[in-house]
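Asker: quick check, what structure comes out for this input:
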Amino acid sequence: KVSVVSLSRPEVISCLKQADLFLFASNIECSPLVLFEAIAAGVFFLSSDVGNAREIAERSGGGEIIKTKTKVGSLTYVDVVDAVFKVEKCIASLGMKKLLAKRARNFCLQNWTWERIAKKYSEQFDQLFIPRTTVKFSGKEDEGEVSRRALRTLQTTNAKSDEAAKFKRDGFRTQQEGNS
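Answerer: I've put the predicted structure just below:
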């Protein structure tokens with residue numbers, strides 16, 4: 001018997017945290033957010049091979065992929081026999097799966113938080129668009145003077161990185177105005 005219920009977000013999270021195993025047999029996905037949620041809740045997952053589920057399972061160590069077949073277009077279908085086998089295997093080794101899920105959660109917290117992802121994007125942006133210059137300060141300047149010198153440095157970038165400098169400059173000014 002299947003029951004369709006409408007749960008609030010806190011109820012969904014509570015259920016996920018109480019689960020021993022999360023089974024995700026989707027037919028099509030891009031990047032299944034629900035797998036990240038299972039990892040964050042410390043729950044081992046089994047997933048169809050959709051979107052980047054395989055990458056999430058391999059990088060985190062917090063899940064396994066069920067044999068999946070592609071039929072029409074990009075729709076996939078799980079091998080039910082393999083799914084049942086893997087569920088039974090997970091139940092038989094629940095202690096080990098919980099340990100793997102805990103490790104995956106730690107990996108997630110170290111690598112996949114919004115703060116860490118934003119920092120990685122910012123670092124990549126800086127490597128691509130901000131020229132490599134070294135500016136030495138005497139240490140006597142106040143924070144405002146250091147910021148003005150940093151802006152002048154950004155304003156003297158070459159033509160290739162003018163747009164990046166404008167973005168950095170305008171973003172910086174907006175942040176400064178918000179702090180005043």
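Asker: so who does the residue most central in space within the chain touch?
Answerer: In the chain, the residue lying closest to the centroid (CA atoms, centre = their mean) is Trp112, at 3.9 Å. Trp112 makes contact with Phe36, according to CB atoms under 8 Å, 6 or more residues apart in numbering. From N, CA and C alone the C-beta is placed, and that goes for glycine too.
Asker: Cys90 is in what secondary structure piece?
Answerer: Using DSSP states H and E, the element containing Cys90 is helix 80-92.
Asker: what's the first helix or strand after that helix?
Answerer: With elements assigned by DSSP H and E, the helix or strand that comes after helix 80-92 is helix 94-111.
Asker: and the following helix or strand past that following helix with helix 94-111, angle?
Answerer: Using DSSP H and E, the helix or strand that follows helix 94-111 in sequence is helix 114-129. Counting by axes from the mean of the first three to the mean of the last three CA atoms, to 10 degrees, helix 114-129 lies at 50 degrees to helix 94-111.
Asker: how many neighbouring residues does the closest residue to Ala104 other than its chain neighbours have?
Answerer: Excluding its sequence neighbours, the residue lying closest to Ala104 (CB to CB, 6 or more residues apart in numbering) is Gly62, at 2.5 Å. Neighbour count for Gly62, taken as other CB atoms under 10 Å: 28.
Asker: quick check: Gly62 vs Ser47, distance?
Answerer: 10 Å (CB to CB, to the nearest Å).
Asker: Lys119 now?
Answerer: For Lys119 relative to Ser47 (CB to CB), the value is 28 Å.
Asker: rewinding a little: how near is the residue nearest to Ala104 to Ser74?
Answerer: Separation of Gly62 from Ser74 (CB to CB): 25 Å.
Asker: what are the ranges of the strands in this structure?
Answerer: 22-24, 45-47, 63-65, 68-70, 76-78 (DSSP state E).
Asker: so which of those gets nearest Asn106?
Answerer: Nearest to Asn106, of all the strands of the chain, is strand 63-65, at 14.7 Å by CB to CB.
Asker: packing partners of the closest one?
Answerer: helix 33-40, strand 45-47, helix 53-60 (3 or more CB pairs under 8 Å, 6 or more residues apart in numbering; DSSP states H and E).
Asker: could I get the ones you listed as CSV with mean neighbour count?
Answerer: Below are those laid out as CSV (neighbours: other CB atoms under 10 Å):
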stretch, mean neighbour count
helix 33-40, 20
strand 45-47, 27
helix 53-60, 18
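Asker: any regions of this protein where pLDDT drops low?
Answerer: 2, 130-180 (pLDDT under 70).
Asker: ok, 90 please
Answerer: For the chain, residues meeting the criterion pLDDT under 90 lie at 1-5, 9, 12-13, 30, 69-76, 108, 111-114, 116-117, 119-180.
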